[in-house]
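Undergrad: Kindly generate the corresponding structure for this input.
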Amino acid sequence: MPGEITIYTDGAASGNPGPGGYGVVLIYGKHRLEKSEGFRLTTNNRMELMAVIAGLEALKIPGSKVVIYTDSKYIADAVEKGWVFQWESKGFKKKKNPDLWIRFLRVFRKHNVRFVWIKGHSNIPENEVCDRLAVNAYSNNNLLVDTGYLAESEENNLL
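TA: This is a model prediction of the structure:
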């Protein structure tokens, strides 16, 4: 069994909704991987969650022991306090971002994951790197479409 993998994550949006991006730093021993992507129209919470998903999806060995540092209370509390499992049992009825929570749970369950909430913009070097990656990701011209956000928006407009 490999040693512990450390993942730092951050999401950002310029406007909420607006262009957004996420940044991830994965650390395992002397190995390091940075990932980021930007989207044309999304929300901050979706990008926070996408960062966690991207970090976990990058892991190659099932059953890895992982600590995720996030400045998102939304995510840390949802998992550590068990809310997301209650949401899942109720089919995510009236919850935002069900597409991403379902995707998250699929990859979360492949590993031994613990979340640690950290205060954003508090000079934690890897969190600051993630923030820069996220902002840079949505500041370029090659932005992706967050189809889950668009589908959710269209559904809300029908109500």
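
Undergrad: Residue 151 is in contact with residue 99, correct?
TA: Yes: using CB atoms under 8 Å, residue 99 is in contact with residue 151, at 7.4 Å. C-beta: built from backbone N, CA, C; applies to glycine.

Undergrad: okay, these two: which has more neighbours?
TA: residue 99 (17 against 11; other CB atoms under 10 Å).

Undergrad: quick one: the strands in the chain?
TA: 5-13, 18-28, 31-42, 65-70, 112-117 (DSSP state E).

Undergrad: Please work out which of these is packed deepest.
TA: The highest mean neighbour count among these, using mean count of other CB atoms under 10 Å, belongs to strand 5-13: a mean of 27.

Undergrad: tell me the angle that one makes with strand 31-42.
TA: Counting by axes from the mean of the first three to the mean of the last three CA atoms, to 10 degrees, strand 5-13 lies at 20 degrees to strand 31-42.

Undergrad: Relative to strand 5-13, what are the paired strands and their orientations?
TA: strand 18-28 (antiparallel), strand 65-70 (parallel) (DSSP bridges).

Undergrad: Which one, of those, ends up nearest to residue 56?
TA: Judged by CB to CB, the one of those that comes nearest to residue 56 is strand 65-70, at 7.1 Å.

Undergrad: gap between that closest one and the chain center?
TA: Centroid separation for strand 65-70 versus its chain: 12 Å, with CA atoms, centre = their mean, to the nearest Å.

Undergrad: Convert that strand to PDB, retaining C-alpha atoms only.
TA: Extracted in PDB, the C-alpha atoms of strand 65-70 (Å, rounded to 0.1, in the frame of the first residue of the first chain):
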ATOM      1  CA  LYS A  65      -4.800   7.100   1.500                       C
ATOM      2  CA  VAL A  66      -5.500  10.700   0.700                       C
ATOM      3  CA  VAL A  67      -5.700  14.000   2.600                       C
ATOM      4  CA  ILE A  68      -7.400  16.800   0.700                       C
ATOM      5  CA  TYR A  69      -6.900  20.400   1.800                       C
ATOM      6  CA  THR A  70      -9.600  22.700   0.700                       C
END
